[in-house]
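Q: Have a look at this prediction, sequence included:
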Amino acid sequence: MSALFDLPASHTPSRSDHLLADLNPAQRRAVEHSGAPLLVVAGAGSGKTRVLTRRIAYLLAERDVHPGQIMAITFTNKAAAEMKERVSDMVGGRARSMWVSTFHSMCVRVLRREAKTLGMSSNFSVYDSDDTRRLITLVARDLDLDPKRYAARTLAVHISNLKNELISTQEAADAATNDLERRVAEVYAVYQRRLVESNSMDFDDLIMKTVELLQRFPDVAEHYRRRFRHVLVDEYQDTNHAQYTLVRELVGVAGGEVPPAELCVVGDADQSIYAFRGATIRNIVEFERDYPQATTILLEQNYRSTQNILTAANAVISRNPNRRDKRLWSDLGEGEKIVGYVADNEHDEAAFVAREIDHLIDSGEFNNSEIAVFYRTNNQSRVFEEIFIRLGLPYRVVGGVRFYERREVRDALAYLRTLANPEDTVSLRRILNVPKRGIGDRAEACVSTYAERERISFAAALREAVHDRVPMLNPRSRNAIAGFVELMDSLGEMVTRGDDVADILEEVLSRTGYRAELEASDDPQDHTRIENLNELVTVAREFTEQPPASEEDTVVVEGSLAAFLERVSLVADADQIPDAESDGVVTLMTLHTAKGLEYPVVFCTGWEDGVFPHMRALGDPQELSEERRLAYVGITRAQRRLYLSRALVRSAWGQPSANPASRFFGEIPADLLDWRRVEPTRAAPTTATTWRRGSTASGGLGSRPAPSRGWQDTPAMKLDVGDRVTHDKYGLGSVVAVDGVGPRATATIDFGSAGTVRLMLIGGVPMTKL
Ligand SMILES: Nc1ncnc2c1ncn2[C@@H]1O[C@H](COP(=O)(O)OP(=O)(O)OP(=O)(O)O)[C@@H](O)[C@H]1O
Ligand SMILES: [Mg+2]
């Protein structure tokens with residue numbers, strides 16, 4: 001992978017020519033532009049990120065902007081760190097006062113400083129999706145909701161969508177028009193109250209509360225507007241409404257106390273792949289309407305990929321309806337053809353990839369770190385890992401079950417979080433009886449009921465329990481609770497004293513008996529758990545010893561427990577991407593994680609209908625468009641070599657299933673593909689020629705040869721007109737028409753305010769009949 005944020009190596013501030021020399025005229029205009037909001041829209045690899053970084057350098061060098069006046073938003077913490085490093089190479093320590101971070105990190109920072117204004121305390125916890133789901137489960141249980149009908153996961157999605165649209169609990173309740181919406185609003189309200197009681201915020205709150213802060217407190221908004229005179233946002237297509245509003249609030253409007261900051265956003269509507277998180281292309285499409293003075297600059301030259309790769313990417317994305325066509329070209333030459341491969345099964349596919357990597361390395365043309373393997377979902381990495389291990393091929397998987405998601409790591413962090421913020425209910429309840437100390441479910445329920453009745457936090461109710469004020473609690477549980485409270489209090493003293501995080505953690509693991517329990521176990525998994533905990537201690541130790549460069553306006557004391565927790569709670573998959581220079585390993589990751597990156601050699605695997613595009617998308621035109629954008633992202637990561645492969649049979653959840661070729665194959669002009677292996681003619685005589693020529697329809701299922709087995713055989717849902725259903729995405733609906741039979745059956749469903757949608761009734765559709 002080459003550097004994302006390339007600045008000329010030997011730059012001196014006075015030589016801005018140097019900053020502009022290797023840019024094309026459109027890029028140069030974007031870097032030099034001043035005044036009105038600037039939107040740079042362009043296809044993949046056209047230098048958007050380069051423009052953004054270069055613009056920062058230019059602001060500092062040529063326009064006398066102080067680094068402290070710059071706020072830049074990137075999509076990952078790693079990208080932020082990298083960008084910051086580049087700028088400090090250039091301007092030295094001054095770069096520290098620049099804010100370069102993800103939306104979430106930026107908001108945590110603002111909120112910790114301004115917590116008091118919002119009536120919160122600054123040691124709040126940040127809940128990730130797992131914590132959120134836990135809390136919603138508790139709330140739904142207290143509200144007596146049927147978990148089959150209202151899964152916590154679904155409720156969480158709905159609540160998150162509301163927050164991404166900045167809809168308050170009251171507004172959600174007022175706007176609810178059907179049962180599901182009313183239920184969601186009810187859960188949302190209780191959930192939100194519990195979050196406040198727990199002195200905690202979820203990821204969506206971070207954005208929403210920051211918006212609230214800036215909107216409700218003009219003097220606070222003014223403070224930030226005076227400070228940040230330049231706001232820059234990368235990957236703008238993936239911002240949701242809340243983030244969009246946040247940017248607008250930060251920038252301010254003409255006629256306000258402070259003139260608006262200069263805004264520069266760069267993005268590509270064709271790479272919007274987070275619609276499921278509420279990202280909306282609307283932010284790009286309507287930028288000009290929302291900022292009437294805005295200047296738009298288009299970039300058309302791609303500097304990343306050879307023409308063959310680019311032509312394939314353009315051909316695929318052009319199948320999406322309602323998009324602005326772009327003329328992206330490259331002068332890097334046609335390059336090699338795209339290699340296609342049909343494997344017998346997923347092991348064969350992995351073996352092909354491994355063999356090919358071997359050839360590429362042997363040829364001397366590429367090294368490991370220049371190679372990436374992509375797949376649609378994390379679970380597909382396993383077969384690659386198996387074979388890479390066997391062959392001794394160094395690799396790194398980005399994402400998957402992440403270190404910080406492992407049970408024991410989460411337990412240990414829950415202790416630390418409870419110590420940092422005693423009101424944090426989810427963390428507290430997680431460790432209440434871990435390891436077992438005689439505080440059973442019944443005791444927990446008594447305390448929780450009492451807390452709910454008295455409208456006090458769970459932590460406060462626990463203290464009441466010690467004083468025997470919680471009804472129905474038996475003496476044994478009460479003693480156990482007293483012991484626990486005492487233990488936490490004494491560990492809490494270490495925090496108050498400001499002890500090192502690593503020491504606190506060691507103390508937690510020994511005094512709670514957590515480590516001893518694992519050590520006494522015969523289960524080899526528990527030994528791995530000990531290793532993971534040791535690893536966490538090491539992380540904490542390193543954190544204490546090498547605190548990050550302190551920034552002038554950070555309120556959290558570096559090296560402190562709160563800062564450590566903040567660091568670990570905002571780690572994203574993409575933050576683990578290996579550095580090209582140092583690691584020398586092949587990188588494996590999902591297509592989503594690959595956004596913004598580039599590699600000389602890319603393997604896109606699992607190109608099968610039902611795998612990629614994902615099963616969920618097969619009957620849903622909008623989802624299918626999003627999958628196609630994902631294909632576009634995948635293809636355009638490749639600089640010189642691109643491989644596309646599929647397996648005839650793939651085991652998913654232990655069941656082998658035969659998958660037809662991904663419809664995206666048929667969307668790539670046949671003459672760009674060099675098939676190393678096609679489907680054996682014996683199995684399906686017409687298949688190979690079908691996609692050799694490229695299918696004409698944009699993926700109509702009818703044009704595919706029937707697979708022998710596979711998703712089409714998974715039981716279809718039987719629906720009749722008038723049936724009521726609940727769909728993970730659209731909510732409650734009623735069936736208005738049913739057409740076709742077997743795998744081609746479709747139902748037209750009226751989802752009320754979510755609209756009327758036609759869905760295929762294949763297995764795997766996230767919909768339940770009520
Ligand atoms: N004018 C230029 N001359 C030479 N190389 C360039 C130029 N502009 C960009 N590049 C290179 O092209 C590659 C792609 O640039 P960059 O990553 O900035 O594109 P992008 O538009 O941000 O892509 P994506 O849409 O994938 O995020 C990088 O390696 C970059 O260094
Ligand atoms: Mg980019």
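A: Happy to help now that I have it. Ligands and ions are numbered 1, 2, ... in the order given.
Q: Now stretch 734-742: average pLDDT?
A: Average pLDDT, stretch 734-742: 75.
Q: so what's Phe103 up against?
A: Contact partners of Phe103, counting by Cβ atoms under 8 Å, 6 or more residues apart in numbering, are Ile73, Leu206, Ile207, Thr239, Gln243, Leu246. Using the backbone N, CA and C atoms, a C-beta is placed for each residue, glycine as well.
Q: right, and the third one touches His104 too?
A: Yes: applying Cβ atoms under 8 Å as the test, Ile207 and His104 come out as touching, 7.4 Å apart.
Q: Where in the protein is the helix or strand with the lowest mean pLDDT?
A: helix 687-693 (a mean of 34; mean pLDDT, DSSP states H and E).
Q: still on that earlier bit, Ile207 and His104: who's more crowded?
A: Ile207 (25 against 20; other Cβ atoms under 10 Å).
Q: which outside residues touch the helix or strand hosting that one?
A: Assessed by DSSP states H and E, Ile207 sits inside helix 203-216. Residues outside helix 203-216 that contact it (Cβ under 8 Å, 6+ apart): 103-104, 106-108, 110-111, 114, 117-118, 126-129, 132, 159-160, 163-164, 166, 195, 201, 220-221, 224, 242-243, 245-246, 249-250.
Q: Can you give me the buried ones in that helix?
A: Residues Phe203, Asp204, Asp205, Leu206, Ile207, Met208, Lys209, Thr210, Val211, Leu213, Leu214 are the ones in helix 203-216 that count as buried (16 or more other Cβ atoms under 10 Å).
Q: Angles on the backbone of Thr587, please.
A: Torsion angles at Thr587 (phi, psi; degrees, to the nearest 10) stand at phi -110, psi 130.
Q: Look up how far ligand 1 lies from the residue lying farthest from the centre of the chain.
A: Going by Cα atoms, centre = their mean, the residue of the chain most distant from its centre is Pro475, 46.0 Å out. Distance, Pro475 to ligand 1, by Cβ to the nearest ligand atom, to the nearest Å: 63 Å.
Q: same question, Arg429
A: 41 Å.
Q: Give me every residue in the stretch 1-150 of the chain that's in contact range of ligand 1.
A: Counting by Cβ under 6 Å from any ligand atom, the residues of the stretch 1-150 of the chain close to ligand 1 are 2, 6, 22-24, 27, 42, 44-50.
Q: among those residues, which are in strands?
A: Ala42 (DSSP state E).
Q: Phe384 contacts Val373, doesn't it?
A: Yes: if you go by Cβ under 8 Å, Phe384 and Val373 touch, sitting 6.0 Å apart.
Q: thinking again about what came up before, list just the nearest of the buried residues of helix 203-216 to Arg410.
A: Nearest to Arg410 among those: Phe203, at 16.1 Å, using Cβ to Cβ.
Q: so what's the residue of the stretch 301-450 of the chain at minimum distance from ligand 1 up against?
A: Here the stretch 301-450 of the chain gets closest to ligand 1 at one residue, Tyr303, 3.3 Å apart by Cβ to the nearest ligand atom. By Cβ under 8 Å, 6+ apart, the contact set of Tyr303 is Gly45, Ser46, Gly47, Ser330, Leu332.
Q: Tabulate those residues (CSV), appending distance to Glu452 and pLDDT.
A: Formatted as CSV, the contacts of Tyr303 follow (distance: Cβ to Cβ, whole Å; pLDDT from 0 to 100):
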residue, distance to Glu452, pLDDT
Gly45, 54, 95
Ser46, 55, 96
Gly47, 55, 94
Ser330, 62, 94
Leu332, 64, 96
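Q: Closest to Lys729 out of the residues you listed?
A: Gly45 (31.2 Å).
Q: Return the residues in contact with that closest one.
A: Counting by Cβ under 8 Å, 6+ apart, the residues that Gly45 touches are Asn302, Tyr303, Arg304, Ser305, Leu310, Leu328, Ser330, Glu598, Thr636.
Q: Confirm for me that the fifth one is in contact with Asn302.
A: Yes: under the contact definition of Cβ under 8 Å, Leu310 touches Asn302, with a separation of 5.6 Å.
Q: what touches both of those two?
A: Gly45, Leu328, Trp329, Ser330, Thr636.
Q: Near ligand 2, which residues of the protein? Just list them.
A: Neighbours of ligand 2 within the chain, by Cβ under 5 Å from the ion: Lys48, Thr49, Gly596.
Q: try 8 Å this time
A: Leu4, Ala44, Lys48, Thr49, Arg50, Leu52, Asp234, Glu235, Val266, Gly596 (Cβ under 8 Å from the ion).
Q: what two of the residues you listed are the furthest from one another?
A: The most widely separated members of those, counting by Cβ to Cβ, are Ala44 and Leu52 (14.8 Å).
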